[in-house]
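Novice: Sequence isn't available, so here's the structure alone:
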């Protein structure tokens with residue numbers, strides 16, 4: 001039996017891209033990633049913890065992010081995530097995929113000829 005690599009679904013792949021992009025600016029804890037995504041999208045994107053943390057764990061298992069426990073400014077212990085070299089490479093791949101996908105969606109939504 002041949003093993004086929006399953007493509008991540010559109011929403012999962014998009015969330016992965018957004019997280020990797022956010023971590024490109026520097027290490028951040030999960031809540032901070034959510035705040036950054038909301039702020040950088042002019043309050044349009046709001047990622048709930050039930051989606052964000054499983055995505056962070058998946059990215060960590062894939063070796064695209066690495067996590068370390070640290071203390072926040074509020075003196076609370078939190079897991080800080082940072083982009084790895086493999087994550088930087090994957091970010092470039094995902095940005096290319098996103099460009100192709102968004103161009104295709106734009107074509108589909110464009111005016112009928």
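Specialist: Everything's here; your move. Note that the structure is a prediction, hence the values are computed from the model and not measured.

Novice: For the least confident helix or strand in the chain by mean pLDDT, which outside residues touch it?
Specialist: Within the chain, judged by mean pLDDT, DSSP states H and E, the helix or strand with the poorest mean is helix 10-23; its value is a mean of 89. The contact list for helix 10-23, computed with C-beta atoms under 8 Å, 6 or more residues apart in numbering, reads 7-8, 28, 33, 36-37, 40, 45, 47, 51-52, 55-56, 58-59, 64-65, 81-83, 87, 90-91, 94-95, 97-98, 101. Glycine gets a C-beta too; all of them are placed from N, C-alpha and C.

Novice: Buried residues, it. List them.
Specialist: Neighbour-count burial for helix 10-23, counted by 16 or more other C-beta atoms under 10 Å, picks out 14-23.

Novice: Report the beta-bridge partner residues of residue 28.
Specialist: Beta bridges link residue 28 to residue 81, judged by DSSP bridges.

Novice: Quick check, it in contact with residue 80.
Specialist: Yes: Residue 28 lies in contact with residue 80 (C-beta atoms under 8 Å); the separation is 6.5 Å.

Novice: quick revisit: can you redo the buried residues of helix 10-23 as CSV with distance to residue 76?
Specialist: Shown next, in CSV, are the buried residues of helix 10-23 (distance: C-beta to C-beta, whole Å):
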residue, distance to residue 76
14, 29
15, 25
16, 26
17, 28
18, 24
19, 21
20, 25
21, 25
22, 20
23, 20
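
Novice: And the furthest pair within those?
Specialist: Farthest pair in the buried residues of helix 10-23 (C-beta to C-beta) is 14 and 23. Separation: 15.2 Å.

Novice: for the chain, which spans come out with low pLDDT?
Specialist: 1-11, 113 (pLDDT under 70).

Novice: can you do 90?
Specialist: 1-13, 72-74, 111-113 (pLDDT under 90).
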